[in-house]
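Participant: Fold the following and give me the result.
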Amino acid sequence: MANAIRALAMDAVQQANSGHPGMPMGMADVATVLFSRFLKFDPQNPTWPDRDRFVLSAGHGSMLLYALLYLTGYPDMTLDELKRFRQLGARTAGHPEFGHASGIETTTGPLGQGISNAVGMALAERLLAAQFDSKLVDHYTYVIAGDGCLMEGISHEAISLAGHLKLNKLIVLFDDNGISIDGPTSLTVSDDQLARFEASGWAVCRVDGHDPEAVAAAIAAAQKSDRPSLIACRTVIGYGAPTKAGTASTHGSPLGAEEIKGTREKLGWPHAPFEIPENVLKAWRAVGAAGAAKSQAWQAALAALPADERAEWDRRFKGDLPANLDKVIADYKAKLSADKPKWATRKSSQMALEVINTTVPETIGGSADLTGSNNTKTASLAPVKPGDFSGRYIYYGVREHAMAAAMNGIALHGGLIPYGGTFLVFTDYCRPSIRLSALMEQRVVYVMTHDSIGLGEDGPTHQPVEHLAALRAIPNLLVLRPADAVETAEAWQVALKQKNRPSVLALTRQDLPTLRTSHTDENLVAKGAYELLPADGAAKVTLLATGSEVVIAIAARDLLQKDGIPTRVVSMPSFELFDEQPEAYQEQVLGPNTVRIAVEAGIRQGWDKYLDRKDGFVGMKSFGASAPYEQLYKHFGITAEAVAAAAKQRL
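Facilitator: Residues are numbered from 1 along each chain as shown. Here you go, the predicted model:
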């Protein structure tokens, strides 16, 4: 059965003339034990919520996963798909891509991401088990990780978090083959991985990865542990290859015809390329079929729940929001418009969350050691503690990388909506995971505060100037920069409604007045941009602004109107949403036949699609500085006077 994996891997890589045969050949024995003796799954019901999660963190070895999916009988992973490995339109991409085929639990390839996603999946399992009947939620998360995954810095953050929280249903199988692309890992690393994991609170052991009984005993012991487990499986990369086994030459290149011929002889596998003997395929298909009874028993347990509990479970896993959320938000907005609070939008976010978190029970909050600054914790959220998962707030610690990746894992698991905070400048630390959130179309909300030079004295290391542009460059990512408490509530409503994309909320440290003092149930942020203040007279100038700079645009409008220049103000909280509006609406909002001045305390990049050559931009052209924010806005020329002057210059 293991040799079937090896043969499919080397044949597919050879046919594609591209790929990584060594890892699948080396880990075939371990994977066979895991799938045939332990993994709870049903190929005919691949999204069954209580299945075990299997994450191939070492995603370059994708043929291991594709071979397993084909052999165990996933209907959409056919032999033809294996033959089309790495070809355009195939389900069998070079690295596993979430959504391309059933059984691919997450997109892996960027090393370290998979094991970190798995921490989020294991955490989600524990959180849901605390909220629902244990008959509905009782599964493991298994990971195959390689040396590269454990070298990446994100893995340190992730394993530390998992060990601290005692995620005992997380089991990592380490492909301990001592080889990376450059050669022996001794060239670059001499870490004692078992000691490292043990220091982070994990149960650890080492086994011969080619001894099925030793592997099985280690997994069985790990299932009973009160801690997450690392099983270091000593393997030979390219196992079975007569001259290349154990060398870097099997890592990322086809074996070649002669080496494959020799491998077939050495393994006693006389079959043609992509040919699996009937008895071997039958044995594998029996493994796949074995999960059906467990899947059906789970469905019966779900059906036996009281109707309201069953409806709540179904709603959560469909990704639907509570039916009363829109009314709750509308009522809250009306109160804001009446009360006119002067809050930083980070505070406005917290106040919106006070309403949301009591209405939407699936939200899971958190922060990377900036809870008091990000304002991500609300009164109704108790902290998640080691071994106690009844809370809904995660103290991630100074682990921005792992927080973002774990939130992806929580979202991928299903049934929960994660949000987490840090400073906007530290989206640089989160960026690989944010990119994967967008690529995988996951509803993850990134609460990013201290969004400009407006954070003041912390200085240029903490002041994001290029980050809004960089985030707006990521496809399928929604960037929201609200201007007041009302827009912030609407931004949260928009973010929660995105079933298939993540959102970044860019929020201020400095206080801002309420600008939307006339209530409307309509969510204006959902349009991306809208006219906040019309011109008195036939408009000659349109001021486009986001976030904290909308107030500056309003003040500039007053100056221009006093000088007899009719001026409109457009609040533009989301480029992405605005770009999705009908062309006629976009043209109307942008103000045809007017001079446009864009105002944002960031760089100009990205704004030019809304500006003609005659138009202007008032913002940042350099890094920031350390000073009170009022001084910084004057120093960098982001003032009402500068905006008015820029408009007059172009009239």
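Participant: buried sites along stretch 148-157?
Facilitator: Within stretch 148-157, the residues that qualify as buried are Gly148, Cys149, Leu150, Met151, Glu152, Ile154, Ser155, His156, Glu157, counting by 16 or more other C-beta atoms under 10 Å. Any C-beta I mention is one placed from the backbone N, CA and C, and that applies to glycine too.
Participant: Let me know the pLDDT of the fifth one.
Facilitator: What that stands for is Glu152. Predicted confidence (pLDDT) for Glu152: 98.
Participant: got the contact list for the nearest residue to it once chain neighbours are set aside?
Facilitator: Once flanking residues are discounted, Glu152 sits nearest to Gly112: 3.1 Å by C-beta to C-beta, 6 or more residues apart in numbering. Going by C-beta atoms under 8 Å, 6 or more residues apart in numbering, Gly112 touches Ser57, Gly148, Cys149, Leu150, Met151, Glu152, Gly153, Ile154, Ser155, Ala158, Ala405.
Participant: at 10 Å instead, please
Facilitator: The neighbours of Gly112, taking C-beta atoms under 10 Å, 6 or more residues apart in numbering as the test, are 57, 145, 148-158, 401-402, 405, 432.
Participant: picking that back up, would you reformat the buried residues of stretch 148-157 as CSV and include distance to Ala292 and secondary structure?
Facilitator: CSV is the format used below for those (distance: C-beta to C-beta, whole Å; DSSP: H, G, I helix; E, B strand; the rest coil):
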residue, distance to Ala292, secondary structure
Gly148, 36, helix
Cys149, 32, helix
Leu150, 35, helix
Met151, 39, helix
Glu152, 37, coil
Ile154, 36, helix
Ser155, 35, helix
His156, 40, helix
Glu157, 38, helix
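Participant: Go through these and say which is closest to His20.
Facilitator: Each of those was checked against His20 using C-beta to C-beta; the closest is Gly148, at 11.0 Å.
Participant: If I follow the layout properly, that closest one ends up in contact with Leu111?
Facilitator: Yes - Gly148 lies in contact with Leu111 (C-beta atoms under 10 Å); the separation is 4.2 Å.
Participant: Name the residues contacting each of the two.
Facilitator: Taking C-beta under 10 Å, 6+ apart as the criterion, Gly148 and Leu111 both touch Ser57, Ala58, Gly59, His60, Ser155, Ser180.
Participant: what's the spacing between Gly109 and Ala67?
Facilitator: As judged by C-beta to C-beta, to the nearest Å, Gly109 and Ala67 stand 17 Å apart.
Participant: more neighbours, these two?
Facilitator: Ala67 (26 against 18; other C-beta atoms under 10 Å).
Participant: quick one, what contacts the more buried one?
Facilitator: Shown in contact with Ala67 (C-beta under 10 Å, 6+ apart): 4-9, 11-12, 24, 28, 31, 77, 82, 92, 276, 284.
Participant: same thing but 8 Å
Facilitator: Counting by C-beta under 8 Å, 6+ apart, Ala67 makes contact with Ala4, Ile5, Leu8, Ala9, Ala12, Pro24, Leu82.
Participant: Of those residues, which is the most crowded?
Facilitator: In terms of neighbours by other C-beta under 10 Å, these top out with Pro24 at 33 neighbours.
Participant: quick one: contacts for it?
Facilitator: By C-beta under 8 Å, 6+ apart, the contact list for Pro24 reads Ile5, Arg6, Ala9, Gly61, Met63, Leu64, Ala67.
Participant: Val143 belongs to a strand?
Facilitator: Yes - using DSSP: H, G, I helix; E, B strand; the rest coil, the assignment for Val143 is a strand.
Participant: That one pairs with what?
Facilitator: In this entry, Val143 is beta-bridged to Val55, Val172, by DSSP bridges.
Participant: per-residue confidence at the nearest residue to Pro46 once chain neighbours are set aside?
Facilitator: Nearest residue to Pro46 in three dimensions, chain neighbours excluded: Ser102, at 3.7 Å (C-beta to C-beta, 6+ apart). Confidence at Ser102, expressed as pLDDT, is 98.
Participant: ok so, going back, farthest pair in the buried residues of stretch 148-157?
Facilitator: Farthest-apart pair in the buried residues of stretch 148-157 is Gly148 and Glu157; separation 16.1 Å (C-beta to C-beta).
Participant: pLDDT of stretch 214-225, averaged?
Facilitator: On average, the pLDDT along stretch 214-225 is 98.
Participant: now stretch 410-418
Facilitator: For stretch 410-418, mean pLDDT is 98.
Participant: what do you get for stretch 185-200?
Facilitator: For stretch 185-200, mean pLDDT is 97.
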